[in-house]
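Asker: predicted model follows, preceded by the sequence.
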Amino acid sequence: GENVEQHPSTLSVQEGDSAVIKCTYSDSASNYFPWYKQELGKRPQLIIDIRSNVGEKKDQRIAVTLNKTAKHFSLHITETQPEDSAVYFCAAKWMRNTPLVFGKGTRLSVIA
Amino acid sequence: NAGVTQTPKFQVLKTGQSMTLQCAQDMNHNSMYWYRQDPGMGLRLIYYSASEGTTDKGEVPNGYNVSRLNKREFSLRLESAAPSQTSVYFCASMAGNQPQHFGDGTRLSIL
């Protein structure tokens, strides 16, 4: 089965700086990689996702890159703002009817 | 379009009591999932249903049972609640490799 490792577990950045969170996965057959943001007391919400036929995807200040050879994918947040403070989870999916496998999360703090 | 709806939102139980958490989705998704999230921790999969009529164990199934009542509804039952089951429970649904959507969660305390 799939295994997803996420680093770092905590990350503090100054407002306006960039933040990068990295995940590695074990199964080369994985083909769908979403990122979720969870604010305190709220449900996880999808912020961006990428499929294995794409190397990079951007949405305003957020981007995800995928390196299939190395089996890792990363979330990049530019020009961070205090409202970006949250826990971020990466995930991977390797077959249509199998569940997402989540990383353990990264707690991002943006310091004003 | 409500997405994924969970009931109740909050519940306090005594040790040994039983209860059922309800989940319904209106997005016509085939797959549904139950997770638990302990304070400051990640998401742990309890059970999932890849399609109507099937259920499978996840990472932490002990002490729980599930029923996929129909395509829309997936319930989670605690037969004899224990303090270790105090947690926030999230239901989610997904279709193929499309985005997975979560409900707002049920905050369960067992005394």
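Answerer: That came through, no problem. Numbering: from 1, shown residues only, chains lettered A, B, ... in the order given.

Asker: what residues does stretch A:58-69 touch?
Answerer: Stretch A:58-69 is touched from outside by A:28, A:33, A:35, A:47-50, A:52, A:54-57, A:72-80, with contacts defined as Cβ atoms under 8 Å, 6 or more residues apart in numbering or on different chains. In this view, the C-beta of every residue, glycine as well, is placed from N, C-alpha and C.

Asker: now do the buried residues in that stretch.
Answerer: For stretch A:58-69, the neighbour count (16 or more other Cβ atoms under 10 Å in any protein chain shown) marks A:Ile62, A:Ala63, A:Val64, A:Thr65, A:Leu66 as buried.

Asker: pull the CA atoms of stretch A:1-14 into CSV?
Answerer: Extracted C-alpha coordinates of stretch A:1-14, given in CSV (Å, rounded to 0.1, in the frame of the first residue of the first chain):
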residue,chain,number,x,y,z
GLY,A,1,0.0,0.0,0.0
GLU,A,2,0.8,3.7,-0.1
ASN,A,3,2.8,5.6,2.5
VAL,A,4,3.1,9.4,2.6
GLU,A,5,5.6,11.3,4.6
GLN,A,6,5.3,15.0,5.2
HIS,A,7,7.9,17.6,6.3
PRO,A,8,8.3,19.7,8.3
SER,A,9,5.8,19.1,11.0
THR,A,10,5.9,22.8,12.0
LEU,A,11,6.9,25.8,10.0
SER,A,12,7.1,29.5,11.0
VAL,A,13,7.6,32.2,8.5
GLN,A,14,7.5,36.0,8.5
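
Asker: do it and chain B meet?
Answerer: No. Shown here: stretch A:1-14 not in contact with chain B (Cβ under 8 Å from any Cβ of the partner chain), separated by at least 8.7 Å.

Asker: so how far is that stretch from its chain's centroid?
Answerer: 8 Å (Cα atoms, centre = their mean, to the nearest Å).

Asker: about what we covered before: the buried residues of stretch A:58-69 in strands, which ones?
Answerer: Mapping those onto strands (DSSP state E) picks out A:Ile62, A:Ala63, A:Val64, A:Thr65, A:Leu66.

Asker: out of these, who's nearest A:Gln6?
Answerer: A:Val64 (13.3 Å; Cβ to Cβ).

Asker: how close does B:Val66 get to chain A?
Answerer: 13 Å (Cβ to the nearest Cβ, to the nearest Å).

Asker: secondary structure element holding that residue?
Answerer: If you go by DSSP states H and E, B:Val66 is part of strand B:64-68.

Asker: show me what the residue nearest the centre of chain B bridges to in the sheet.
Answerer: Centroid-nearest residue in chain B: B:Trp34, 3.2 Å away (criterion: Cα atoms, centre = their mean). On the basis of DSSP bridges, B:Trp34 is bridged to B:Tyr47, B:Cys91.

Asker: so for stretch A:42-49, what's the average pLDDT?
Answerer: On average, the pLDDT along stretch A:42-49 is 97.

Asker: angles on the backbone of A:Asp84, please.
Answerer: Torsion angles at A:Asp84 (phi, psi; degrees, to the nearest 10) stand at phi -80, psi -10.

Asker: returning to what we had before: so who does the residue nearest to the centre of chain B touch?
Answerer: Contacts of B:Trp34 by Cβ under 8 Å, 6+ apart are B:21, B:23, B:45-48, B:58, B:64, B:66, B:74, B:76, B:89-91.
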